[in-house]
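Undergrad: Turn this into a structure:
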Amino acid sequence: MKKICLTILLSVLLLNNSSFAQKDIVVDSLITLLNQTIPDTVKVNILNEIAWQLITNKSSESERYLQKAYTISVKTHYSKGLGVYYHYKGLLSYYSGNISQALDFLFKSYKIRKDINDKKELASSCRVIGVMFADQNLHEKALEYYNQSLALSKQITDSTGMASAYNNIGVVYQDKKKYNKAMANYKKALELVKNSTDYASIGLYYNNIANIYLWQKNYEQAKKYYFKSLKNKNISGDFVYLTTLFSDLATFYYKTGKTDSAFIFLSKSWKLAEKANLIHEQMSVAKLYSHYFQLLGNYKDALKYHIIFKKLNDSLINEANASKLTRYEMTLQIEKEEQIEKLIKEKQSLENEKRVHKQKTIKNILIIILIAVVILSYFLYRIIIIKKRDNKLLLEQKDEILEINEELKNQKEELSKHRDQIYTHRKALLDSITYAKQIQEALLPGDELFKNYFKNYFILYLPKEIISGDFYWIRKVNNFIYFAVADCTGHGTPGALLSMLGISFLNEIITKNNIEGPASILEDLRIYIKDALKQNSRHVDSRDGMDIALCRFNTKTKELKYSGANNPIYIVKHNEFIELEPTDNPIGIYIQEEEFKNITIQLEDNDLVYLFTDGFIDQVNGDNKKKYMSNNFKELIINLRNYPINRQKDIINSKFNEWKKQESQVDDVTILCVQI
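TA: Next comes the predicted model:
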């Protein structure tokens with residue numbers, strides 16, 4: 001994560017920076033301007049720019065020029081100059097390893113720039129503060145500030161700022177292993193600057209795209225983009241850029257088996273990081289050195305660089321920094337709430353004034369009406385006229401009310417008609433689902449098969465809805481009994497459709513000759529499911545599939561072979577509890593598919609074998625809203641070992657209802673236990 005944060009910060013440092021190859025010339029020119037008679041605000045801007053040019057490789061000189069800029073800014077009340085000063089001080093503190101101090105400076109800069117509505121520089125502050133959140137693995141907060149930066153840059157049509165924001169967002173997605181989103185943001189960043197002279201940013205975005213290709217093991221594309229970055233113009237003096245690039249190239253060559261080239265680039269990266277006293281880069285390179293030496297069996301050098309990494313890492317107090325971020329975030333939130341409260345009070349005050357004014361107006365009107373009534377009261381005939389008029393109005397209103405009642409009656413009849421239609425449709429739907437349940441139950445094996453094949457058994461089958469995404473299955477071929485429990489994606493109708501597919505495919509696969517064992521059946525089942533759901537490289541949106549535990553029991557030798565896709569099984573032998581672990585893959589498409597493995601165990605008479613889905617384990621408690629969890633489920637199975645198998649089913653069912661209480665069932669539940 002630290003290296004990723006440095007990559008983000010590098011994109012911040014690249015913004016608006018002059019070419020590193022011409023840096024000394026730029027600094028000399030700026031110093032010459034200082035000797036001329038110029039306004040104080042211009043002098044502050046020049047001092048800050050000199051500090052900016054020296055920030056990555058001459059930090060002490062950069063600090064000296066920043067202090068001069070600060071003194072003049074305070075004296076002249078130049079807020080923009082102070083914002084730049086605190087921003088650069090934050091960057092210097094970060095690169096020296098003092099993150100707590102960096103946060104102090106960066107939030108001061110953020111507040112100043114927000115107060116003066118400097119959108120371009122406020123966007124820069126948001127990017128760097130986002131780095132600090134990313135540094136603490138607070139991804140969502142980092143994205144919040146990066147998106148603030150992106151929105152501000154869009155408002156002022158700042159292509160370079162937008163590119164940096166897209167790059168930073170891409171790095172967060174890369175850290176979260178969402179490589180497609182990361183690649184999309186990197187390419188947006190590159191597209192915005194590829195035709196510009198911002199060579200440093202272009203090189204950085206090339207490097208980030210190469211890193212994604214490296215993660216995806218597309219070594220040809222990774223090499224192409226790394227060397228585009230390496231051939232980039234004007235990077236010879238940019239130590240941060242080069243240490244990061246050389247370190248990434250070392251990783252590339254190591255992963256492609258070119259160890260000598262890897263150590264050449266790692267050595268270059270280490271020397272530059274030491275020369276520029278870049279603490280974070282030294283940590284990153286030391287960690288790579290230790291890892292590579294360990295893999296090569298050179299434990300002496302591996303320990304040496306691990307100790308270096310540990311010393312550097314111990315100098316950074318991450319927990320304190322996370323607390324600091326939270327405290328500053330709360331401070332900003334409090335200020336925001338105070339502003340809102342102030343606005344609310346002003347609004348209430350205005351409304352009170354309006355209400356008093358309205359009351360005075362009403363009072364005056366009433367006085368006028370009262371005077372008018374007194375003056376005109378002797379005209380009795382007016383009362384009769386008014387009464388007649390009111391009676392006429394009442395009759396008209398009565399007619400209107402009758403019309404409204406008639407309309408309401410018609411609407412009620414229409415609503416009743418719609419209600420009957422909804423009831424009819426609902427009944428038809430329930431009838432269809434009930435019929436589907438009958439089909440699903442017909443596909444599930446009957447009790448007589450388990451009675452014939454095993455000494456004893458129980459099946460606890462609790463669908464969440466009318467039909468279930470879980471299924472259990474059993475077939476006998478010669479002296480082998482195959483039995484399984486599976487959990488399909490989803491529950492209800494979608495899960496039920498997948499379960500019927502699973503049962504049909506297992507019935508088809510089991511008829512093949514030369515079945516080597518459960519693992520080969522699962523491999524075939526994965527092919528069938530992927531083909532049926534059109535899960536291929538061009539259609540990766542479908543993640544449907546199933547988790548399954550499949551066993552083969554030899555009735556002659558009592559040998560059990562098991563293979564699982566994400567679903568383990570439990571075995572109780574006398575007083576011994578055994579858990580057989582599955583392959584960490586589902587039946588269906590997966591990012592990194594592995595071959596399913598067979599596990600063989602010798603069973604004896606009266607041994608118990610438990611197959612189950614995760615419905616019981618994931619059930620939420622009615623009181624504390626916590627899941628039951630696998631450790632509690634294991635303990636329950638162990639405690640049941642001395643109970644008769646039929647009694648075990650009742651106890652497990654009761655325990656499930658006691659745990660669930662009034663809470664809704666979250667998933668289908670299936671537990672199969674057989675006794676040898």
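Undergrad: Name the nearest residue to the one residue sitting closest to the centre of the chain, sequence neighbours excluded.
TA: The centroid of the chain falls nearest to Lys176 when counting by C-alpha atoms, centre = their mean (6.8 Å). Nearest non-adjacent residue to Lys176, counting by C-beta to C-beta, 6 or more residues apart in numbering: His139, 6.0 Å away. Backbone N, C-alpha and C define where each C-beta goes, glycine included.
Undergrad: what's the neighbour count on that neighbour?
TA: Residues near His139, counting by other C-beta atoms under 10 Å, number 15.
Undergrad: Just read off the phi/psi values of it.
TA: phi -60, psi -40 (degrees, to the nearest 10).
Undergrad: contacting residues around it?
TA: 133, 172, 175-176 (C-beta atoms under 8 Å, 6 or more residues apart in numbering).
Undergrad: so where's the chain uncertain?
TA: Counting by pLDDT under 70, the low-confidence segments of the chain come to 1-24, 56-59, 232-238, 315-345, 415, 418-436, 491-492, 513, 537-542.
Undergrad: can you give me the strands in it?
TA: Counting by DSSP state E, the chain has these strands, from start to end: 456-462, 470-477, 480-488, 546-554, 559-565, 569-573, 576-580, 599-602, 608-612, 669-675.
Undergrad: who wins for proximity to Asn642 among those strands?
TA: For those, proximity to Asn642 was assessed by C-beta to C-beta; strand 569-573 is nearest, at 9.8 Å.
Undergrad: in its sheet, what does the closest one sit against?
TA: Its sheet considered, strand 569-573 pairs with strand 576-580 (antiparallel), strand 608-612 (antiparallel) by DSSP bridges.
Undergrad: So which of those strands is the most surrounded?
TA: strand 608-612 (a mean of 24; mean count of other C-beta atoms under 10 Å).
Undergrad: Using PDB, write out the CA atom coordinates for it.
TA: C-alpha atoms of strand 608-612 as PDB (Å, rounded to 0.1, in the frame of the first residue of the first chain):
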ATOM      1  CA  LEU A 608     -20.400 -40.200  10.500                       C
ATOM      2  CA  VAL A 609     -19.900 -38.000   7.400                       C
ATOM      3  CA  TYR A 610     -21.600 -34.500   7.300                       C
ATOM      4  CA  LEU A 611     -22.100 -32.600   4.000                       C
ATOM      5  CA  PHE A 612     -23.700 -29.100   4.200                       C
END
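Undergrad: Distance from it to the middle of the chain?
TA: 35 Å (C-alpha atoms, centre = their mean, to the nearest Å).
Undergrad: Stretch 355-366 too?
TA: With C-alpha atoms, centre = their mean, you get 58 Å for stretch 355-366.
Undergrad: ditto for stretch 397-410
TA: On C-alpha atoms, centre = their mean, the centre of stretch 397-410 falls 57 Å from that of its chain.
Undergrad: just stretch 583-595 next, same as before
TA: With C-alpha atoms, centre = their mean as the basis, stretch 583-595 stands 21 Å off its chain's centre.
Undergrad: Go through that stretch and flag the buried ones.
TA: Going by neighbour count (16 or more other C-beta atoms under 10 Å), the buried part of stretch 583-595 is 583, 585-590.
Undergrad: Show me where the stretch 301-450 of the chain has its helices.
TA: 318-376, 380-443, 447-453 (DSSP state H, counting those that start in this stretch).
Undergrad: before we move on, the earlier item: how close does the residue nearest to Lys176 get to Gln174?
TA: 11 Å (C-beta to C-beta, to the nearest Å).
Undergrad: Could you do Arg127 as well?
TA: From Arg127 to Gln174 the distance is 16 Å (C-beta to C-beta).
Undergrad: For Ile112, find the nearest of the strands paired with strand 569-573.
TA: strand 576-580 (59.5 Å).
Undergrad: next one: the closest one to chain centre, how far?
TA: From the chain centre to the centre of strand 576-580 is a distance of 35 Å (C-alpha atoms, centre = their mean).
Undergrad: repeat for stretch 659-673
TA: Stretch 659-673 has its average C-alpha position 28 Å from the chain's average C-alpha position, going by C-alpha atoms, centre = their mean.
Undergrad: So what touches it?
TA: 457-464, 468-472, 483, 485, 487, 491, 495, 608-616, 618-623, 625, 628, 645, 648-649, 652, 656.
Undergrad: buried ones in that stretch?
TA: Buried residues in stretch 659-673 (16+ other C-beta under 10 Å): 659-660, 665, 667-673.
Undergrad: and if you look at stretch 271-284?
TA: So for stretch 271-284, counting by 16+ other C-beta under 10 Å, buried means 272-273, 276, 278-284.
Undergrad: Export the strands paired with strand 569-573 as CSV, with columns for distance to Asn35.
TA: Formatted as CSV, those follow (distance: least, C-beta to C-beta, whole Å):
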stretch, distance to Asn35
strand 576-580, 79
strand 608-612, 82
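Undergrad: so which of the ones you listed gets nearest Gln602?
TA: Gln602 sits nearest to strand 576-580 of all the strands paired with strand 569-573, at 11.3 Å, using C-beta to C-beta.
Undergrad: Show residues contacting the closest one.
TA: 562, 564, 568-572, 599, 601, 634, 637-638, 641.
Undergrad: quick revisit: next, format the buried residues of stretch 659-673 as JSON lines and append distance to Ile515.
TA: As requested, these are exported to JSON lines (distance: C-beta to C-beta, whole Å):
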{"residue": "Trp659", "distance to Ile515": "39"}
{"residue": "Lys660", "distance to Ile515": "39"}
{"residue": "Gln665", "distance to Ile515": "36"}
{"residue": "Asp667", "distance to Ile515": "31"}
{"residue": "Asp668", "distance to Ile515": "28"}
{"residue": "Val669", "distance to Ile515": "30"}
{"residue": "Thr670", "distance to Ile515": "24"}
{"residue": "Ile671", "distance to Ile515": "26"}
{"residue": "Leu672", "distance to Ile515": "21"}
{"residue": "Cys673", "distance to Ile515": "25"}
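Undergrad: and which of those residues is nearest to Tyr226?
TA: Nearest member of the buried residues of stretch 659-673 to Tyr226, counting by C-beta to C-beta, is Asp667, at 45.9 Å.
Undergrad: nearest spatial neighbour of the closest one, skipping sequence neighbours?
TA: Closest residue to Asp667 apart from its sequence neighbours, by C-beta to C-beta, 6+ apart: Gly615 at 4.1 Å.
Undergrad: which residue of this structure sits farthest from its center?
TA: No residue in the chain sits farther from the centre than Tyr378, which is 81.8 Å out by C-alpha atoms, centre = their mean.
Undergrad: Now do that residue against Ile386, distance only.
TA: With the distance defined as C-beta to C-beta, Tyr378 ends up 15 Å from Ile386.
Undergrad: thinking again about what came up before, so which of the strands paired with strand 569-573 comes closest to Leu30?
TA: With C-beta to C-beta, the closest approach to Leu30 among the strands paired with strand 569-573 belongs to strand 576-580: 69.4 Å.
Undergrad: Can you select the buried ones among the contacts of strand 576-580 for me in ChimeraX?
TA: Remark: buried members of these, expressed as a ChimeraX selection using 16+ other C-beta under 10 Å:
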select :562,564,568,569,570,571,572,599,601,634,637
